[in-house]
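Visitor: kindly return the folded structure for what I paste below:
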Amino acid sequence: MSLERPGDLNDDGTRQLLRAGAGILAVGTLAALLTVSILGGIGPQGPHTNAGWLALMVALMCWPFGSLCFLLGAAKWLRNRHISSQGTGHGRNRR
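Guide: Next comes the predicted model:
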């Protein structure tokens, strides 16, 4: 149970999105590196082994999803930063 207000900017999922996006991107990059190096490499017609094909599919699924999660987290972080700067009186539109 959280003791913070429901609309608190400190716990809006930004950190979780950034962490998840970076982790998914890291898994995709690791899978791609394993495909190229340990799992038989990639030839003109694709990977040479079944494990290479599986790792390539994992990499090709992780990169778009991880990128979108990370970009959404970055956008939320920038928005929160903008809102907090307006709240301190340094922003252009003080309310």
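
Visitor: look up how far residue 46 lies from residue 73.
Guide: 33 Å (C-beta to C-beta, to the nearest Å). Using the backbone N, CA and C atoms, a C-beta is placed for each residue, glycine as well.

Visitor: give me the more crowded residue out of these two.
Guide: Neighbours were counted for residue 73 and for residue 46 using other C-beta atoms under 10 Å; residue 73 has more, 20 against 10.

Visitor: what strand or helix carries the more buried one?
Guide: Assessed by DSSP states H and E, residue 73 sits inside helix 50-87.

Visitor: how about residue 38?
Guide: Using DSSP H and E, no helix or strand contains residue 38.

Visitor: that one: neighbour count?
Guide: With other C-beta under 10 Å as criterion, residue 38 counts 12.

Visitor: what sits against the residue nearest the centre of the chain?
Guide: Central residue of the chain (C-alpha atoms, centre = their mean): residue 21, 1.6 Å from the mean position. By C-beta atoms under 8 Å, 6 or more residues apart in numbering, the contact list for residue 21 reads 66-73.
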